[in-house]
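> Need a 3D model of the sequence below.
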Amino acid sequence: MTIEEIRQLALWLKEHHLAGAEMTRPGVHLTLKRGAPAASVAAPVAVATVEDKVLRTTGLGRLLLTHPQLSEPFVAVGDPLSAGQLVAVLQVGDLLLPQRSREAARVIDVRVPCGTTVGYGEAFLGLEHPA
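Numbers count the residues shown, from 1 in each chain. Below you'll find the predicted structure:
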């Protein structure tokens, strides 16, 4: 890994407001963490953002629309959502990160199949807001 590649990764962290990244390749283990001014340090919140009538992922990982030990999906097309409702989980290794709706809405489509590897900010549910 070159210094230019590391600089590019650091720039992406800054541009996308990410707290850190970790990369492992044979012979290389790199961990980058962004510092924040002490006055603005806040705990991370795993709430999926609602933009342009879609729900977007809050991180990188494997998107699961059902819990790994259950068969029923968290939500289905046509379901009403309440603010803070669990709609999916991101699997990062053994860790399951909740993806929650920020606002009340109704699911109009599922844009990513269960088990798909997703990036930060990827749209995974289409929404319709109550009138």
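> Run a quick neighbour tally on V107.
With neighbours defined by other CB atoms under 10 Å, the count for V107 comes to 20. Placement of C-beta: from N, CA and C, glycine included.
> Isn't it up against L125?
Yes. In this structure, V107 is within contact of L125 by CB atoms under 8 Å, at 5.7 Å.
> Need the residues touching each of those two.
Both V107 and L125 are contacted by V75, V87, under the criterion CB atoms under 8 Å, 6 or more residues apart in numbering.
> Can you tell me how far the residue most central in space within the chain is from T2?
Nearest to the geometric centre of the chain sits T58, at 2.4 Å (CA atoms, centre = their mean). Distance of T58 to T2, given as CB to CB, to the nearest Å: 30 Å.
> Which secondary structure element is home to L96?
Assigned by DSSP states H and E, L96 belongs to strand 95-100.
> Where does pLDDT dip in this protein?
Residues of the chain meeting the criterion pLDDT under 70: 1, 34-52, 131.
> hmm, 80 instead?
When residues are selected by pLDDT under 80, those of the chain lie in 1-7, 9-52, 130-131.
> So it: which segments form each domain?
Domain assignment for the chain, taken from automatic domain parsing, gives 3-40, 49-128.
> Please identify the most buried of those domains.
Highest mean neighbour count among these (mean count of other CB atoms under 10 Å): domain 49-128, with a mean of 16.
> Just checking the distance from it to the centre of its chain.
Centroid separation for domain 49-128 versus its chain: 8 Å, with CA atoms, centre = their mean, to the nearest Å.
> Relative to T31, how far out is the nearest residue to V54 once chain neighbours are set aside?
Distances taken as CB to CB, 6 or more residues apart in numbering put A123 closest to V54, at 4.0 Å, once the chain neighbours are dropped. Applying CB to CB, the value for A123 to T31 is 29 Å.
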